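Undergrad: Below are the sequence and a predicted model; questions follow.
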Amino acid sequence: MVKKIYEIKNLNFSYGKNKVFEDLNIDIYGNEFIGIVGPNGGGKTTFLKLIAKILVPESGFILYNGKDLKRIKNIEYAKEVAYLPSEIRFTFDITVKDFLLYGRYPFEGRFKKEKEDIIYEVSKNLNIEIFLNKKISQISEGEKQRIFIAQVIVQNPQIILLDEPTSHLDIGYQFQIMDILKNLNEKGKTIISILHDLNLASHYCSKIILFKNCKIYKSGNVEDVLTYQNIEDVYNTKVLVYRNPFTKKINVFGIPSYILHSLSPLEN
Amino acid sequence: MKKNFLIVIFFLLAIYFGIFFGSKIYSPKEILNLSEIEKTIFLKIRIPRVICAFIVGAGLSISGCVLQSILKNPLAESYTLGISGGASLGIAIGVLIGNINSIPFFSFMGSILSFFLILTISFFKKFSTTSIILAGISLNFISSSLVLFLVSIVSYEKFPLRILFLFGDLSSFSSKILLYSSILIFLSFIFLVYSGRVYDILSIDEEKAKTLGINVNFEKYITYFIICLISSLCVSLSGIIGFVGLIIPHIARGLFGSIHKKIIPISFILGGSFLIFCDTISRVIIRPVEIPVGVITGFFGGIFFLTLLIKTEKIW
């Protein structure tokens, strides 16, 4: 029996005078690996921040396990839901170990001694033990993302929200990060992640939410959402959608317009 | 461990120099057989002055340390943000219309207002970290010229105390203000250390902090309040002393990393000791004439500030 974790009803939100969401409705179920996709400026990040309780809806409801999100204390919510922003910029250098320890704040608060064994366990699993005593500034971009994810895992949440965890990573690191998330999902965590790469989404996610112009264009199973009609309409570009014979998953291939123009109308 | 030891040595040396060096230099032996007058001078003037220097230096350093973290701005401190300037203007006005005991109150109002002004401007204009500092320093200049203007239009005799102490001087504080400033600054210090973990996280990312369960706005505003309190008490005691709050936290971070539970206490001790040293130098350098301590801190601070700018050119 899958549990409904989020129930979003008539959600309205705007930044100042800029209306973002108008009467947005969607239900999100637990234990899924959900990919949020769509063009830039389509409201994906705002949506994620609303669920993360960083932004507050103007009107409408976000129910978390049947409870109004507004009535849940930040600290209680932090014990169950973790969020990774698309970018973390450090003003001051800190050691990786200290950075990971901050993930324990919801449990240890201001005073209690942080449980360091969790840090060691997580870093062993993610293979980042060697970085623990290094400074963040000494870590390469690819490894940094793994450390950020490690902090999220240290927080031991049921639901993990991520904003483009694989952007500006090379293909090797992309798969590394996605594999970690997949692994967490198999252990029962719900993953909700904004993804730019539709192929990563189709290969890893169990559900897709497709945004266009701050509306949910379509949501559901990968096969139902990532069709060429939907993608061409949302992204305003021609694509080839096929089932990858090797992975048996949906593959999306964007066709450059100069090639499209050189094709005869018949082939088109 | 070795670093902790050095800090303690630095602190003890500061106390030693602060107490034994001045217009007259004593050896520890002489202290034991002082004349009555010398004893009084010693207990009523020199020791309170060392305490005052310590409290001011410590207060400015911890507020600088926390401001830098919350604003994610390595150049922030109560001087560069215009908080001290606002406090000094508050005092000048307060002295004209009130009495000496109300100085800290006016100082506090001045600091709160100027800080609020800076935050509002930078919020609406979406200032970069650098622009906030430029705005703060401008505000300091405006406040300082207004103070001088007030001093000029009202004859100097009308001011019940040497109002020019506002430009950084440790020789004319009132011992009553020293007493309760010490208590309040110490309590604020405890509070800031108590919130150390919150500042650790806030210095990284505010959104991340929210999702870790921190009530970001509440923590920020209460901290701003505390910092204005500390800064205004410091200005009430010694006038504007710039750069201490900037240099010391950087040294503390350089030595001990970024964990606030550690660097706030270190800033407290280092900052206090540093100002005792500066004050001692200011008393000894052209003995028996005293130069304002602001001259010494400004000199060291300015050099440090420049080095920092050259090193971290990329933030400009």
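TA: Noted; the coordinates are in hand.
Undergrad: Confirm residue A:7 sits in a strand?
TA: Yes. Assignment of residue A:7 by DSSP: H, G, I helix; E, B strand; the rest coil places it within a strand.
Undergrad: For residue A:51, see how far away it is.
TA: 11 Å (C-beta to C-beta, to the nearest Å). To be clear about C-beta, it is placed using only N, CA and C from the backbone, and glycine gets the same treatment.
Undergrad: With residue A:33 instead?
TA: With C-beta to C-beta as the criterion, residue A:33 and residue A:51 are 15 Å apart.
Undergrad: Walking through the stretch 51-200 of chain A, point out its strands one by one.
TA: In the stretch 51-200 of chain A, the strands defined using DSSP state E, counting those that start in this stretch lie at A:59-64, A:67-68, A:81-84, A:159-163, A:190-194.
Undergrad: Nearest to chain B, out of these?
TA: Closest approach to chain B among the strands of the stretch 51-200 of chain A is made by strand A:81-84 (3.9 Å; C-beta to the nearest C-beta).
Undergrad: ok, residues contacting the closest one?
TA: A:48, A:51-54, A:64, A:103, A:148-149, A:152, A:155, A:157-163, A:165, B:207-208, B:211 (C-beta atoms under 8 Å, 6 or more residues apart in numbering or on different chains).
Undergrad: In ChimeraX, how would I select the buried members of those residues?
TA: Entered in ChimeraX, the line below selects the buried ones among the contacts of strand A:81-84, by 16 or more other C-beta atoms under 10 Å in any protein chain shown:
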select /A:48,51,52,53,54,64,103,148,149,152,155,157,159,160,161,162,163,165 /B:207,208,211
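Undergrad: In helices only, show me the contacts of strand A:81-84.
TA: Those of the contacts of strand A:81-84 mapping onto helices are A:48, A:51, A:148, A:149, A:152, B:207, B:208, B:211, per DSSP state H.
Undergrad: residue contacts, the third one?
TA: Yep, that's residue A:148 we're talking about. A:84, A:88, A:165.
Undergrad: do the same with the second one
TA: Applying C-beta under 8 Å, 6+ apart to residue A:51 gives the contacts A:6, A:62, A:81, A:161, A:192.
Undergrad: Per-residue pLDDT of the closest residue to residue A:52 other than its chain neighbours, please?
TA: Nearest non-adjacent residue to residue A:52, counting by C-beta to C-beta, 6 or more residues apart in numbering or on different chains: residue A:83, 4.1 Å away. With respect to pLDDT, residue A:83 scores 95.
Undergrad: what about residue A:83, neighbour count?
TA: Neighbours of residue A:83 under the rule other C-beta atoms under 10 Å in any protein chain shown: 27.
Undergrad: hmm, back to that, residues in contact with both of residue A:7 and residue A:51, list them for me.
TA: residue A:62.
Undergrad: Residue in the stretch 151-300 of chain B with the shortest distance to chain A?
TA: For the stretch 151-300 of chain B, C-beta to the nearest C-beta, closest residue to chain A: residue B:213, 3.3 Å.
Undergrad: For beta bridges, what are the partners of residue A:252?
TA: Assessed by DSSP bridges, residue A:252 has beta-bridge partners residue A:241.
Undergrad: Now do the contacts for it.
TA: Here residue A:252 is in contact with A:198, A:199, A:202, A:226, A:231, A:239, A:240, A:241 (criterion: C-beta under 8 Å, 6+ apart).
Undergrad: The third one belongs to a helix, doesn't it?
TA: Yes. Read with three-state DSSP, residue A:202 is one of the residues of a helix.
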